[in-house]
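A.B. asks: Have a look at this prediction, sequence included:
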2 protein chains.
Amino acid sequence: MGRRTKDESAQTRETILDAAEIEMQARGVSQTSLNRIAQRAQVTRGAIYWHFADKRALLEAMVARTHLPLRDLRQCLSQHIPGNEPLWLLREVMRHGLERLGNDPRHRRVCHIVMHRCEVTDEGHPADALMRAMFEDAREVIMSLCNEIKQLGLLHSQLSARDASDMVMAFVAGHYECVLRHPETHVADRDWGPLVDAALRGLMNDPTQAMLTRAPAAEIQEPEPADH
Amino acid sequence: MGRRTKDESAQTRETILDAAEIEMQARGVSQTSLNRIAQRAQVTRGAIYWHFADKRALLEAMVARTHLPLRDLRQCLSQHIPGNEPLWLLREVMRHGLERLGNDPRHRRVCHIVMHRCEVTDEGHPADALMRAMFEDAREVIMSLCNEIKQLGLLHSQLSARDASDMVMAFVAGHYECVLRHPETHVADRDWGPLVDAALRGLMNDPTQAMLTRAPAAEIQEPEPADH
DNA sequence: GTATACATACATTCGCGTATGTATGTTCGA
DNA sequence: TCGAACATACATACGCGAATGTATGTATAC
């Protein structure tokens, strides 16, 4: 088979990435040979080595396809939340983070691979880099929101803004862990609202409780993932 | 080197397991060859193959060294908690689960390996088996405690016992995730009390809040891990 | 015609499993 | 009690498959 058109080439690239996602999710990154990926994508290893330098670069491209900076989400949300209250913003950030597990299969697959199907070893590994990038990105946004909340005096007296941030991060990370590792008992396609509220309730002081009982529930549209 | 005494042999076995822990934590399970482990343990691959059938069995033995069923912890705790209140029991279970991260280096290393340094693939894999065993074990204990708490009417009206159990599991799993994956920002050797209380506060109804503000803080001794 | 988009073929490496060698502890009969 | 026979606890050596990376072939789009 000789040279193909540009569009076909780009399509081949996507097909390879799709195949890599599926194979790596099933067998793990190191246990998935480039040959297996090629077979599923109906190409040969030559095609893979044409589009990607090596396995590492392939993984890198795979995770790059789905990386949506949380900063963008905050930007988007803050334009839709009335009054820009940090507590509601935080609440929506948490909900959207969890709901993406249920309605974005690609994000779910890539997170699954990066979290549980990949041995993180040396620095600079694409999976590790993605995890740290997402984590740091989320932590920055959440930490700033928690600081604002603390400033407003909404936080429980025993908790620092840092504590609250840690709790929120652990809350989301923990549910990601449960849903991805134990899908047979933990389903992602559920109403996360009550759980998010319960988590926040524990972080706030008593007078804030009333606020959290009534749900603002503004409908918000997802921002498009930036492809570059 | 010829035959060694029984005690020396057992010592060799432990040395190999120690070396495997360190190497696998540093480089990941599949990236750690038996040769590397042998070198660190100052033996040859022959010694490893004498003590263990293969790499899988080695991993299995490694995780078996640190597996402490949560049921035992509950047994132990329930004898020390005055009145056997399920809420305090739950609180202590959560605290001990998190504190073990700080004061049991071996548990910490093995959890790190099993959670982040191992590609879980086929069923029956020792790492996957351990994860599921620990998870199911913990879920059973926590679920029963949540049921008791629900029976007592302490739970928030919007939450089922199952919801509460999910929250507690995610809370612990999430902090494990944060501490093990991002040790530079999340330290395990801290006072988990306020965070545990915050998590529980969100799950309980208003009248229960007062109970959670005063700390029972009974000193409890760890149960010995059963070696068999 | 030429760069492209692959397929094919080949060399090399690497880790695993096993077969075998060997020196020493252990046991048991005389 | 003492030494031979056996079992043990490794070390060494070898064969194998599998995966990687690269070099080269080739047909087609531009």
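C.D. replies: Received it, and whenever you're ready, just let me know what you need. Numbering: from 1, shown residues only, chains lettered A, B, ... in the order given.

A.B. asks: What about the closest residue to residue A:23 other than its chain neighbours, how many residues nearby?
C.D. replies: Distances taken as C-beta to C-beta, 6 or more residues apart in numbering or on different chains place residue A:32 nearest to residue A:23, at 4.6 Å, with adjacent residues excluded. In short, each C-beta sits where N, CA and C put it, glycine included. Residues lying near residue A:32 (other C-beta atoms under 10 Å in any protein chain shown) number 23.

A.B. asks: Please list all residues in contact with residue A:32.
C.D. replies: Shown in contact with residue A:32 (C-beta atoms under 8 Å, 6 or more residues apart in numbering or on different chains): A:20, A:23-24, A:26.

A.B. asks: which one of the residues you listed is nearest residue A:199?
C.D. replies: residue A:24 (31.4 Å; C-beta to C-beta).

A.B. asks: what helix or strand is the closest one on?
C.D. replies: helix A:6-27 (DSSP states H and E).

A.B. asks: For that helix, buried residues please.
C.D. replies: Using 16 or more other C-beta atoms under 10 Å in any protein chain shown as the test for burial, helix A:6-27 gives A:12-13, A:15-25, A:27.

A.B. asks: Contact residues of chain A facing DNA strand C?
C.D. replies: Chain A has residues A:1-4, A:6, A:8-9, A:12-13, A:38, A:43-47, A:49-51 near DNA strand C, with proximity defined as C-beta under 7 Å from any atom of the strand.

A.B. asks: if we go to 6 Å?
C.D. replies: On the criterion C-beta under 6 Å from any atom of the strand, DNA strand C has as its neighbours in chain A the residues A:1-4, A:6, A:9, A:12, A:43-47, A:50.

A.B. asks: So which of these are in strands?
C.D. replies: Using DSSP state E, no member of the residues of chain A next to DNA strand C falls within strands.

A.B. asks: Including distance to residue B:111, could the residues you listed go into JSON lines?
C.D. replies: Below are the residues of chain A next to DNA strand C laid out as JSON lines (distance: C-beta to C-beta, whole Å):
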{"residue": "A:1", "distance to residue B:111": "49"}
{"residue": "A:2", "distance to residue B:111": "52"}
{"residue": "A:3", "distance to residue B:111": "51"}
{"residue": "A:4", "distance to residue B:111": "48"}
{"residue": "A:6", "distance to residue B:111": "48"}
{"residue": "A:9", "distance to residue B:111": "44"}
{"residue": "A:12", "distance to residue B:111": "41"}
{"residue": "A:43", "distance to residue B:111": "39"}
{"residue": "A:44", "distance to residue B:111": "41"}
{"residue": "A:45", "distance to residue B:111": "37"}
{"residue": "A:46", "distance to residue B:111": "41"}
{"residue": "A:47", "distance to residue B:111": "40"}
{"residue": "A:50", "distance to residue B:111": "41"}
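
A.B. asks: tell me the two of the residues you listed that are most distant?
C.D. replies: Farthest apart among the residues of chain A next to DNA strand C by C-beta to C-beta are A:6 and A:45. That separation is 21.9 Å.

A.B. asks: Buried residues in the lengthiest helix in chain A, which are they?
C.D. replies: Scanning chain A for the longest helix, with DSSP state H as the assignment, gives helix A:126-151. Using 16+ other C-beta under 10 Å as the test for burial, helix A:126-151 gives A:126-132, A:134-135, A:137-139, A:141-150.
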